[in-house]
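Peer 1: got a predicted model here, sequence first, then my questions.
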Amino acid sequence: MITYRNILESDYKIQERVRLWRNSDRVKAGMLNQSPISADQHRQWIDSLSKKTGLHEVRVSFSDSIPFGIINLRDINTDIKSCDWGYYIGDDAFLGQKLGMRLLYDLTDWGFSEAGMYKMYSTVRSDNLKALHDELQAGYHIEGFLKDHLLSASGELIGIYLIAQFQTEWVKNKEKISSWAKIGD
Ligand SMILES: CC(C)(COP(=O)(O)OP(=O)(O)OC[C@H]1O[C@@H](n2cnc3c(N)ncnc32)[C@H](O)[C@@H]1OP(=O)(O)O)[C@@H](O)C(=O)NCCC(=O)NCCS
């Protein structure tokens, strides 16, 4: 069973595991910011989350009792009701089992159904076709493309897709997406 717990309610060992996941080459390769995160920076980031209740929340995902990734909503704009988001699988043992799609489904439903967002958006690197594939399947559309915007680890210029979805689209398509994503199986 997949469950979630706020990172602020998770113990130090799990919080530190999140930092190690985020610093791994595989997870970093999907992120815009490639800088390694020190233990101090991580502690400051965790502390900052407690001051941003309702604006930025990070949830750790568990398969039964094993933590394997995170989902988060950030830059929550309470006037427009919009937010940015992110997710990753940290533990390699959980790759290739459609759990990326499951995290994406759960974070999108969290934003629209629980947090009442009107619009959810994010960015995805043009060399991260695996994530883009799932994001399009989960109902997001491409709103823009920033060409030659980042240097990849191998020194090539890559672009960034800007993706978004509206609550009305999610309400209409959620059931279909849930069956594609085999949510509940
Ligand atoms: C993105 C991530 C969560 C996906 O994990 P996963 O579910 O194990 O991924 P999979 O290997 O099962 O691939 C997901 C889908 O992409 C497809 N895919 C893989 N490589 C692809 C490619 N080069 N082009 C298009 N689709 C591709 C797979 O076929 C699969 O689709 P399917 O389930 O319909 O067959 C995981 O790779 C991760 O944590 N990456 C690092 C962080 C990250 O990139 N986060 C997202 C930031 S936007």
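Peer 2: Noted; the coordinates are in hand.

Peer 1: which parts of the protein sit against the ligand?
Peer 2: 26-27, 30, 87-89, 95-96, 98-101, 124, 128-131, 133-134 (C-beta under 6 Å from any ligand atom). Using the backbone N, CA and C atoms, a C-beta is placed for each residue, glycine as well.

Peer 1: from the residues you listed, keep the buried residues only.
Peer 2: Neighbour counting by 16 or more other C-beta atoms under 10 Å classes 27, 30, 87, 88, 89, 99, 100, 101, 124, 128, 131, 134 among the residues of the chain next to the ligand as buried.

Peer 1: distance from the chain centre to stretch 106-114, please.
Peer 2: Here stretch 106-114 is found 12 Å from its chain centre; the criterion is C-alpha atoms, centre = their mean, to the nearest Å.

Peer 1: now do stretch 149-160
Peer 2: Put simply, stretch 149-160 sits 21 Å off its chain's centre (C-alpha atoms, centre = their mean).

Peer 1: and it, how far apart are its ends?
Peer 2: Terminal residues of stretch 149-160 lie 7 Å apart, using C-alpha to C-alpha, to the nearest Å.

Peer 1: farthest residue from the center of this structure?
Peer 2: Going by C-alpha atoms, centre = their mean, the residue of the chain most distant from its centre is residue 155, 25.1 Å out.
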